[in-house]
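1. the sequence isn't on hand, but the structure is:
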């Protein structure tokens, strides 16, 4: 497998672990009516910095343009669907951020807002990751010329260093370890094969 694609898939494993944490937080919230605000804010920081700014940045700024250069359209087909789902994910995260702020201020409706947003985000991103790993990335591996992969790997490393850095990455690894222990959750339901049709 191409190193750049393996890196994106490795990112997905980390992101899926945080989605499981969110599921555990929702179970706690539904059961107890509250969750530690600092933990929720830390999860949101990971989602915004690791999952969106860094991981989606590698895709939107580097992989997708390389796929466009190989003949894929940004306005239709797989890339358009992925970009639309990235935008939908950001909407869920914005709603989750509002819910977290409401929870911190003691608003009565905060729990329901968090549950809706977290559930929507988890369902969307879980299916999105499945489509990328099983459909989009194999398309990229077949379509991009061999010379493009070394450049992508180098640019991925630059993006990760500039947007997150090794110390923050290590801190996120420790955060996920702790939150996974603190908010256990059952496995997510199995994903269907998926397609780019809506």
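-> Alright, I've got the coordinates. Just so it is clear, the model here is predicted, and its values are computed rather than measured.
2. so where's the protein uncertain?
-> Per-residue confidence for the chain (pLDDT under 70) gives these ranges: 1, 191-198.
3. element containing residue 21, please.
-> Element membership for residue 21, per DSSP states H and E: helix 3-32.
4. my bad, should have said residue 115
-> Element membership of residue 115, judged by DSSP H and E, is helix 110-131.
5. thinking residue 169 is in contact with residue 160, fair?
-> Yes. Counting by CB atoms under 8 Å, residue 160 is a contact partner of residue 169 at 7.3 Å. Every residue, glycine included, has its C-beta placed from N, CA and C.
6. which of those two has more residues huddled nearby?
-> residue 160 (20 against 15; other CB atoms under 10 Å).
7. how about the more buried one: what's its closest non-neighbour residue?
-> Leaving aside its sequence neighbours, residue 160 sits nearest to residue 54 (CB to CB, 6 or more residues apart in numbering; 6.0 Å).
8. relative to residue 85, how far out is that neighbour?
-> Computed as CB to CB, to the nearest Å, the residue 54 to residue 85 distance reads 17 Å.
9. for residue 128, same thing?
-> Residue 128 is 5 Å from residue 85, by CB to CB.
10. check residue 17 too.
-> The spacing between residue 17 and residue 85, counted by CB to CB, is 20 Å.
11. which of the two has more residues huddled nearby?
-> The neighbour count for residue 17 versus residue 85, taken as other CB under 10 Å, is higher for residue 85 (20 against 15).
12. before we move on, what SS does the more buried one have?
-> Of the three states, residue 85 takes helix under DSSP: H, G, I helix; E, B strand; the rest coil.
13. what do you get for the one 4 residues further on?
-> Three-state call for residue 89 (three-state DSSP): helix.
14. count of residues packed around it?
-> Neighbouring residues of residue 89 were enumerated by other CB under 10 Å; the total is 19.
15. how about residue 7?
-> Neighbour count for residue 7, taken as other CB under 10 Å: 18.
16. and for residue 176?
-> Residue 176 has 20 nearby residues by other CB under 10 Å.
17. ditto for residue 178
-> Neighbour count for residue 178, taken as other CB under 10 Å: 12.
18. same thing with the one 5 residues further on?
-> Here the number of neighbours of residue 183 (other CB under 10 Å) works out to 22.
19. how far away is the residue nearest the centre of the chain from residue 97?
-> Most central in the chain under CA atoms, centre = their mean is residue 51, positioned 4.1 Å from the mean C-alpha point. The spacing between residue 51 and residue 97, counted by CB to CB, is 14 Å.
20. also residue 131?
-> Per CB to CB, residue 131 is found 25 Å from residue 97.
21. higher neighbour count, these two?
-> residue 131 (20 against 17).
22. which of the residues in stretch 162-182 are buried?
-> Judged by neighbour count using 16 or more other CB atoms under 10 Å, the buried positions of stretch 162-182 are 164, 168, 172, 175, 176, 179.
23. ok, the residues you listed vs residue 46, which is closest?
-> Using CB to CB, the shortest approach to residue 46 within the buried residues of stretch 162-182 belongs to residue 172, at 5.4 Å.
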